[in-house]
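Student: Sharing a model that was predicted from the sequence below.
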Amino acid sequence: MKRNWAAAFQIAAVYVGTVVGAGFATGKEIVEFFSRFGFFGFISILMSGYLFVAIGSKLMRMAAQIQAKSYEEFNEYLFGKWPSRLLNVFMLFMLLGVTAVMLAGAGAVFEEQLGLSKAAGVFLTIFLSIIVMLVGTKGLFAVNTFVVPLMISFSLILMVFSIRMPHFLGQFLFIPHADDGWKIVVAPFSYVALNLGLAQAVLVPIATEIKDDWTIKWGGILGGLALTIILIASHFTLIMLPNLELYDIPMAVIMKNLAPFLYWIYVMVIYGEIFSSVIGNVFGLDRQLKQYKVIPTIVSVSAIFVVSYLISLVNYSTLLSYLYPLFGYICMTFFVLLWMKPFTADERK
């Protein structure tokens, strides 16, 4: 069998691009789940990395094995017919909520970093997303294949600058006081559960289209490793920022301080990652809506954006701080069942 590394890298890029959304790319999500806990946050990131590799790869291989065309079919396989219906309704609202967070994040980039109005960022994102959605799967692959390597490169550049700073080792080993310190114990599981619960909307139909088990397996492994590298690099950078919890887009603030000559390019990369997650979520929602009723893509996508826009009017930081941890805890059921479900590649149909 010919091993298609190019296709595996494409799957890895989509995997990373779907997970690395507004919270991940801006650093706000990493602060909320990991970096504010100091050294314990780093340990938690390593555990998350292992789960991204193992469970992410398993999710895609299993989806391809049962030929699931949407996350609805995949959840029915995991949970059974009736429980999955309840979960799928919740997933629909959760994807809408997270798409709203992404739009609010795009608005925050324009407002905090570019000095433009939040509405300009939101509406530009909606306009560009509709164009990509009309192109279909090829558009999704193209955006992620371009943006993801840039995101990894900039994360590593910032990490190198941070490691070379005085007192890095002291900051790395420091464990700050946190009233909700218990959250770091469940953070790897709730964080990966949240991201895989959301990413399945894209990863399930993509894996089913690819079909080849070797390609899907290595796409999941490479994607999980890339996510781990970005998480570690971002954490090493974020712990060097005083009062890191005060910023909506802490990674851009750090870039402005450490490498101002790359600042504007990096802001565009952050926006590109937010954009890639928006189209990933909308792609999954569009596929799901078409399971209920066959409607033109332009109609379904427009309806999704109207609802998401209304939710995005709430402050970005507020949306992320409340919705993401809540969704993560609820997705734990999905995560545990996926982890426990037996899988062998020889059972492929």
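Tutor: Arrived safely.
Student: where does the stretch 201-349 of the chain dip in pLDDT?
Tutor: Regions of the stretch 201-349 of the chain meeting the criterion pLDDT under 70 cover residues 291, 316, 320, 345-349.
Student: by contact count, what packs against the helix or strand harbouring residue 257?
Tutor: Element membership for residue 257 (DSSP states H and E) is helix 250-258. Other helices and strands packing on helix 250-258, by 3 or more CB pairs under 8 Å, 6 or more residues apart in numbering; DSSP states H and E, are helix 22-26, helix 137-163, helix 213-238, helix 263-292. Where you see a C-beta, it was placed from the backbone N, CA and C, and this is true even at glycine.
Student: 6 Å - rerun?
Tutor: For helix 250-258, the elements it packs on are helix 263-292, judged by 3 or more CB pairs under 6 Å, 6 or more residues apart in numbering; DSSP states H and E.
Student: Report the angle between the helix it packs on and helix 213-238.
Tutor: 140 degrees (axes from the mean of the first three to the mean of the last three CA atoms, to 10 degrees).
Student: Specify the angle between helix 263-292 and helix 250-258 in degrees.
Tutor: 170 degrees.
Student: Tell me the helices and strands packed up against helix 263-292.
Tutor: helix 22-26, helix 81-108, helix 118-135, helix 137-163, helix 183-210, helix 250-258, helix 297-312.
Student: List the buried residues in it.
Tutor: For helix 263-292, the buried set under the neighbour-count rule, 16 or more other CB atoms under 10 Å, comprises 263, 266-289.
Student: buried residues in stretch 232-248?
Tutor: 232-241, 244, 247-248.
Student: which of those sit farthest apart?
Tutor: Using CB to CB, the two most remote members of the buried residues of stretch 232-248 are 232 and 248, lying 22.3 Å apart.
Student: buried stuff in stretch 306-315?
Tutor: 308, 309, 311, 312.
Student: Using CSV, write out the CA atom coordinates for that stretch.
Tutor: Provided in CSV are the C-alpha atoms of stretch 306-315 (Å, rounded to 0.1, in the frame of the first residue of the first chain):
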residue,chain,number,x,y,z
VAL,A,306,-27.3,35.3,11.7
VAL,A,307,-27.7,33.3,15.0
SER,A,308,-23.9,33.3,15.7
TYR,A,309,-23.7,37.1,15.1
LEU,A,310,-26.4,37.8,17.6
ILE,A,311,-24.6,35.7,20.3
SER,A,312,-21.2,37.3,19.4
LEU,A,313,-22.5,40.7,20.5
VAL,A,314,-21.6,39.7,24.0
ASN,A,315,-18.0,40.5,25.1
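Student: who touches that stretch?
Tutor: Stretch 306-315 is contacted from outside by 96, 99, 100, 103, 104, using CB atoms under 6 Å, 6 or more residues apart in numbering.
Student: Residue 226: which of those residues is nearest?
Tutor: residue 99 (22.9 Å).
Student: how close does that closest one sit to residue 338?
Tutor: 22 Å (CB to CB, to the nearest Å).
Student: Which one's more surrounded, these two?
Tutor: Neighbour totals were compared for residue 99 and residue 338, and residue 99 leads with 29 against 22 (other CB atoms under 10 Å).
Student: wouldn't that one be in contact with residue 280 here?
Tutor: No. Judged on CB atoms under 6 Å, residue 99 makes no contact with residue 280 at a distance of 9.4 Å.
Student: Got the phi and psi for residue 294?
Tutor: phi -80, psi 110 (degrees, to the nearest 10).
Student: burial of it, as a residue count?
Tutor: By other CB under 10 Å, neighbour count at residue 294 equals 8.
Student: ok, it - contacts?
Tutor: Per CB under 6 Å, 6+ apart, neighbours of residue 294: none.
Student: heads up, I number from 520, so please use that
Tutor: Will do, 520 is the new start, and the previous item becomes residue 813.
Student: Okay, now the unreliable bits of the stretch 520-669 of the chain?
Tutor: 520-521, 540-544, 655-660, 662-663.
Student: make it 90
Tutor: 520-552, 554-555, 557, 575, 581-641, 644-669 (pLDDT under 90).
Student: can I get the CA coordinates of stretch 765-777 in PDB?
Tutor: Coordinates of each C-alpha in stretch 765-777 appear next as PDB, following Å, rounded to 0.1, in the frame of the first residue of the first chain:
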ATOM      1  CA  LEU A 765      -6.100  40.800  31.900                       C
ATOM      2  CA  TYR A 766      -5.700  40.700  28.100                       C
ATOM      3  CA  ASP A 767      -8.100  39.500  25.500                       C
ATOM      4  CA  ILE A 768      -5.300  38.700  23.100                       C
ATOM      5  CA  PRO A 769      -2.200  38.100  25.300                       C
ATOM      6  CA  MET A 770      -0.100  36.500  22.500                       C
ATOM      7  CA  ALA A 771      -0.300  39.600  20.300                       C
ATOM      8  CA  VAL A 772       0.700  41.800  23.300                       C
ATOM      9  CA  ILE A 773       3.800  39.600  23.800                       C
ATOM     10  CA  MET A 774       4.700  39.700  20.100                       C
ATOM     11  CA  LYS A 775       4.500  43.500  20.200                       C
ATOM     12  CA  ASN A 776       6.900  43.600  23.100                       C
ATOM     13  CA  LEU A 777       9.400  40.900  22.000                       C
END
